[in-house]
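Enquirer: Okay, here's the prediction I keep looking at, along with the sequence it came from:
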Amino acid sequence: MFLRKGLPDGRERLIEARWDKVSMTELCTIIGQKDDASVSTIEHLLSAFAGLGVDNAMVEIDGPEVPIMDGSAARFVEAIDEAGVVGQTALRRFLKVVKPVRVEHNGAYSELLPGERGLSLDVEIDFAAGVIGRQRKRLDLSPDTYRRELSRARTFGFLRDVERLTKIGLALGASLDNTVALDGERVLNPEGLRHPDEFVRHKMLDAVGDLALAGLPLVARYRSFRAGHKLNVGVLTALFADRSAYTIVEAETPRETRRVQPSRGYQPAAAAFVEAG
């Protein structure tokens with residue numbers, strides 16, 4: 001849940017972090033309505049929550065966009081660790097996929113398949129630029145694997161697209177501090193890449209955040225090829241359109257629901273993590 005503050009006349013608006021509240025998926029994921037109240041670039045923060053197993057949090061934000069930080073989820077992971085995570089006595093509920101669901105567009109696809117335990121991901125990308133090329137990564141999601149394999153993977157973009165994007169009001173804050181910038185076959189960031197396959201790792205990080213919009217932790221296998229935010233949200237839309245494709249299950253033991261403890265001194269930029277009401 002997001003509490004959007006700083007609106008005209010001192011208004012505040014609650015916006016649910018759900019697939020059916022998404023209003024835009026170009027370059028980032030936006031929930032809410034631009035002419036009323038919206039929050040953009042939510043995917044990295046939601047990815048950190050989902051990756052660390054947090055499913056009960058309220059995010060207070062006083063502007064229209066979640067801070068990009070360094071283009072990854074690392075700073076959000078640090079903030080969650082600083083605030084602390086506690087267990088609750090409620091039985092945790094999961095959304096279990098029981099029938100394959102798939103969406104496609106121009107040769108790209110995103111699909112959810114039945115799984116036995118937690119969320120596993122199989123993500124493949126294919127770019128003409130040789131510096132990226134074709135990369136594939138498979139991962140069983142857990143707090144340990146998320147921290148180690150995904151959390152530090154940064155967003156990326158091509159220098160040739162900057163002028164087009166800025167003309168339509170996108171990528172205005174992009175810099176070498178928060179983006180892996182590519183010019184032809186060169187990585188422009190002086191420090192280079194954090195992983196040889198940082199590009200596919202970031203696409204997987206994004207997918208974890210977008211899939212968190214299901215509203216419950218998923219028990220499923222996610223597989224994609226050349227997918228982005230639009231197809232990630234699209235596969236959730238398709239899933240919920242078919243009631244026979246999923247079921248809701250509960251954990252066998254209590255204290256598996258996790259919430260963020262109210263922060264005691266750490267306030268990361270414009271985002272603050274507090275206990276859900």
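Expert: Ah, there it is.

Enquirer: Do a quick rundown of the strands in the stretch 101-250 of the chain.
Expert: Remark: strands assigned in the stretch 101-250 of the chain by DSSP state E, counting those that start in this stretch are 101-105, 108-114, 119-126, 134-140, 156-158, 180-183, 186-187, 218-225, 246-250.

Enquirer: Would you mind checking the average pLDDT for the fourth one?
Expert: Summarised as a single mean, pLDDT over strand 134-140 is 98.

Enquirer: Summarise which helices and strands it is packed against.
Expert: strand 119-126, helix 198-211 (3 or more Cβ pairs under 8 Å, 6 or more residues apart in numbering; DSSP states H and E). Every C-beta, even on glycine, is put in place using the N, C-alpha and C of the backbone.

Enquirer: list the buried ones in that strand?
Expert: 135, 137, 139 (16 or more other Cβ atoms under 10 Å).

Enquirer: and if you look at the second one?
Expert: Of the residues in strand 108-114, those scored as buried under the neighbour-count criterion (16+ other Cβ under 10 Å) are 108-113.

Enquirer: correct me, but D210 touches K230?
Expert: No - between D210 and K230 there is no contact under Cβ atoms under 8 Å: 9.4 Å.

Enquirer: And those two? Which one has more around it.
Expert: Neighbour totals were compared for D210 and K230, and D210 leads with 30 against 18 (other Cβ atoms under 10 Å).

Enquirer: follow-up on the earlier one: tell me which of the buried residues of strand 108-114 is nearest to L7?
Expert: Taking Cβ to Cβ as the measure, S110 is the one of the buried residues of strand 108-114 closest to L7, at 33.1 Å.

Enquirer: residues near V219, how many?
Expert: Residues lying near V219 (other Cβ under 10 Å) number 20.

Enquirer: and what of the one 4 residues further on?
Expert: Burial measure for R223: 21 neighbouring residues, criterion other Cβ under 10 Å.

Enquirer: Specify the beta-bridge partners of it.
Expert: Assessed by DSSP bridges, R223 has beta-bridge partners E111, D122.

Enquirer: Okay, A245 and A238: tell me how far apart.
Expert: 8 Å (Cβ to Cβ, to the nearest Å).

Enquirer: who touches both of these two?
Expert: Between them, A245 and A238 share these contacting residues under Cβ atoms under 8 Å, 6 or more residues apart in numbering: V101.

Enquirer: Next up, phi/psi of R75, please.
Expert: Per-residue torsions, R75: phi -70, psi -30 (degrees, to the nearest 10).
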